[in-house]
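Visitor: only geometry, no sequence info:
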């Protein structure tokens, strides 16, 4: 009985250790995204993780705890990919989670009590910058791409999304983390709450024992029971500023005026495994636009099908009958048709292509450029190819395109309609929609297919990204899906239409388009926010290194590491 009790105690200590709690703290942040949609948690949900980091016994431990926080965040954000890529989810989380280490070190250095005014002010800038650095680095395609960027959790609030028009989704992330840091500063300023930020006796002893020449144990400031109204006021002001920045930007940066109106029809046939039946279903739904019935009165300017809506190469002569059927649909409905082919090109490999079709034939193509890691290609396939034996990871790498570019449809009045066509996963990348906007696109169109992840949070998370891209570019965004979610947003990211995972049919929406020359601040300036975060992080690292080395001037007068010795009761020799 004693052995069982001891075993249970050991198991309990392992489960409730601080590092395992960091996994939980990171995972809970994903509740701010669809399908849970508890987006308000983002404004204070990082506080438990910050408290656990601050209570660490050293900066090294703070960094490790932040690593666990990041890993928990990514595991929860990508849980729905586990059936497809198996243990690669854990592999990605463990490898990419290390990017949160600077965030943990900065939080421990600047927020642990007692906090001085310079440290408090630095914390409000440096800690959010370190978080943003981790998000921006992991957004690199080779590391998986920018899925579940913290700022995207606010997709339902156009007033907050206005920050994206100023500095991209990165500026929203910065505001969210700053609000959480401000709350921790307020906690540290109140006598009854401040003790939660202090490490226990053992941890404190660890700090004293490892401080050494760096002076980690030498802190100055008010005692643990002292009320610090000034620090509390600073935290409150910073929190209010973080929350109010979005509405202020919304008021000061009105959307560009609409210069034209277009009607877009998006076709969602639902889950159909047969490629032939999938095309038939899309064709039947599209034909309803020109017939009597519920859709008979709709006159679209563009009809959009989802990703992989056809499995044949429409450019080949042997598939002329399929292309002719689509040309006929375009003529009957009076609108160009944007379809998507998922085919294998002889001598090259598999690729996904958005194809714009008019009554006269193919008017333009776009090949998917940013591929889904493990789903459409395996990074470092030579080393990680074994994943195909234990999961449904891509058996071969798909062929990427050469980059974003604009296609030109023709609306019902005969005017050119410049559209930025991107495919599925590419909605996660801010730079791609921004490139399309810079090239003159007045509308951003995504083609998607997420049947593999039907019933999970994945398709809803994916569909929400269109709101952020709309706010960043100042362009309406539509997404047509085979399955998953078909959605539409206006130029400020306001939701106009949403067809869920279990539905099928045609969604039509009327959109106001800005001038092709209209630009948001983010369009014009690009990723200046993450670059600024890089600069802040590097400067903070240099200051920390300088302090640890004791210069400038800290050890003036000491030579060869010898220190002056003083004996109590004796005078200092002249």
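Guide: Sure thing, it's come through. These figures come from a predicted structure and were not determined experimentally.

Visitor: just give me the neighbour total for residue 81.
Guide: When counting by other C-beta atoms under 10 Å, one arrives at 24 neighbours for residue 81. Glycine gets a C-beta too; all of them are placed from N, C-alpha and C.

Visitor: one more: residue 343?
Guide: Residue 343: 18 neighbours (other C-beta under 10 Å).

Visitor: can you tell me the helix or strand for it?
Guide: For residue 343, the host element (DSSP states H and E) is strand 336-345.

Visitor: one more: residue 543?
Guide: Here residue 543, judged by DSSP H and E, is contained in helix 528-549.

Visitor: show me where the stretch 351-500 of the chain has its strands.
Guide: With strands called from DSSP state E, counting those that start in this stretch, the stretch 351-500 of the chain shows them at 361-367, 406-410, 416-423, 443-448, 477-481, 486-489, 495-499.

Visitor: in the first one, what's buried?
Guide: Pointing back at strand 361-367 there. When burial is assessed from 16 or more other C-beta atoms under 10 Å, strand 361-367 yields the following buried residues: 363, 364, 365, 366, 367.

Visitor: next one: stretch 27-47 to chain centre, how far?
Guide: 13 Å (C-alpha atoms, centre = their mean, to the nearest Å).

Visitor: lowest-pLDDT helix or strand in this structure?
Guide: Least confident helix or strand, the chain: helix 201-210 with a mean of 43, by mean pLDDT, DSSP states H and E.

Visitor: for the following helix or strand past that helix, name the packing helices and strands.
Guide: Using DSSP H and E, the helix or strand that follows helix 201-210 in sequence is helix 229-252. Packed against helix 229-252 by the contact rule (3 or more C-beta pairs under 8 Å, 6 or more residues apart in numbering; DSSP states H and E) you find helix 117-138, helix 158-167, helix 169-189.

Visitor: just the angle between the last one and helix 528-549, please?
Guide: Using axes from the mean of the first three to the mean of the last three C-alpha atoms, to 10 degrees, the interaxial angle of helix 169-189 with respect to helix 528-549 works out to 40 degrees.

Visitor: repeat that for the longest one.
Guide: For the pair helix 117-138 and helix 528-549, the angle between their directions (the same axes, to 10 degrees) equals 120 degrees.

Visitor: who's in contact with helix 117-138?
Guide: Contact with helix 117-138 is made by 70, 96, 99-100, 102-103, 105-107, 109-111, 115, 143-144, 146, 149-150, 170, 173-174, 177-178, 181-182, 185, 230-231, 234-235, 238, 527, 529-530, 532-534, 536-537, 540, as judged by C-beta atoms under 8 Å, 6 or more residues apart in numbering.

Visitor: for the residue positioned nearest the centre of the chain, phi and psi?
Guide: Nearest residue to the geometric centre of the chain (C-alpha atoms, centre = their mean): residue 149, 2.0 Å. The phi/psi pair for residue 149 (degrees, to the nearest 10) reads phi -60, psi 130.

Visitor: who are the contact partners of it?
Guide: By C-beta under 8 Å, 6+ apart, the residues touching residue 149 are 135, 139, 169, 170, 173.

Visitor: how does it look with 10 Å?
Guide: Residue 149 makes contact with 33, 77, 132, 135-136, 138-139, 168-170, 172-173, 428, 430, 465, 468, according to C-beta atoms under 10 Å, 6 or more residues apart in numbering.

Visitor: same thing with residue 316?
Guide: So residue 316 contacts 322, 323, 343, 346 (C-beta under 10 Å, 6+ apart).

Visitor: now residue 23, nearest residue through space, not along the chain?
Guide: Excluding its sequence neighbours, the residue lying closest to residue 23 (C-beta to C-beta, 6 or more residues apart in numbering) is residue 72, at 3.6 Å.

Visitor: and stretch 318-330, what's buried?
Guide: Those would be 322, 323, 326, 327, 329, 330, for stretch 318-330 by 16+ other C-beta under 10 Å.

Visitor: the fourth one contacts residue 362, doesn't it?
Guide: Yes - counting by C-beta atoms under 10 Å, residue 362 is a contact partner of residue 327 at 9.0 Å.

Visitor: shared neighbours, the two?
Guide: Both residue 327 and residue 362 are contacted by residue 314, under the criterion C-beta under 10 Å, 6+ apart.

Visitor: circling back to that earlier point, buried among the contacts of helix 117-138? Need that as a selection in PyMOL.
Guide: Here is the PyMOL command that selects the buried residues among the contacts of helix 117-138 (16+ other C-beta under 10 Å):
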select buried, resi 70+96+99+100+102+103+105+106+107+109+110+111+115+144+146+149+150+170+173+174+177+178+181+182+185+231+234+235+238+527+529+530+532+533+536+537+540
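
Visitor: that older thread, how far off centre is the helix holding residue 543?
Guide: Counting by C-alpha atoms, centre = their mean, helix 528-549 comes out at 23 Å from the chain centroid.

Visitor: again, but for stretch 305-314
Guide: On C-alpha atoms, centre = their mean, the centre of stretch 305-314 falls 28 Å from that of its chain.

Visitor: could you do stretch 153-163 as well?
Guide: 13 Å.

Visitor: ok, back up a step: okay, the strands of the stretch 351-500 of the chain in TSV with distance to residue 276 and mean pLDDT next?
Guide: Formatted as TSV, the strands of the stretch 351-500 of the chain follow (distance: least, C-beta to C-beta, whole Å; pLDDT from 0 to 100):
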stretch	distance to residue 276	mean pLDDT
strand 361-367	21	96
strand 406-410	26	97
strand 416-423	22	97
strand 443-448	19	97
strand 477-481	19	97
strand 486-489	22	97
strand 495-499	23	96
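
Visitor: tell me which of the ones you listed sits most buried.
Guide: strand 477-481 (a mean of 30; mean count of other C-beta atoms under 10 Å).

Visitor: that strand pairs with which strands?
Guide: Looking at strand 477-481 with DSSP bridges, its partner strands are strand 443-448 (parallel), strand 486-489 (antiparallel).

Visitor: Throw those strands into JSON lines and include distance to residue 313, thanks.
Guide: JSON lines is the format used below for those (distance: least, C-beta to C-beta, whole Å):
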{"stretch": "strand 443-448", "distance to residue 313": "17"}
{"stretch": "strand 486-489", "distance to residue 313": "25"}
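
Visitor: can you say which of those is nearest to residue 315?
Guide: Of all those, strand 443-448 sits nearest to residue 315, with 17.6 Å by C-beta to C-beta.

Visitor: that closest one vs strand 406-410, what angle?
Guide: Per the same axes, to 10 degrees, the angle that strand 443-448 makes with strand 406-410 is 100 degrees.

Visitor: got the angle for strand 443-448 vs strand 416-423?
Guide: Using the same axes, to 10 degrees: strand 443-448 against strand 416-423 is 30 degrees.

Visitor: okay, the angle between strand 443-448 and strand 336-345?
Guide: Interaxial angle, strand 443-448 versus strand 336-345 (the same axes, to 10 degrees): 40 degrees.

Visitor: between strand 443-448 and strand 361-367, how big is the angle?
Guide: Using the same axes, to 10 degrees: strand 443-448 against strand 361-367 is 70 degrees.

Visitor: residues contacting residue 27?
Guide: Residues in contact with residue 27 (C-beta under 10 Å, 6+ apart) are 69, 71, 72, 73, 74, 75, 76, 77, 79.

Visitor: phi and psi next, for it.
Guide: Backbone torsions of residue 27, given as degrees, to the nearest 10, read phi -60, psi -40.
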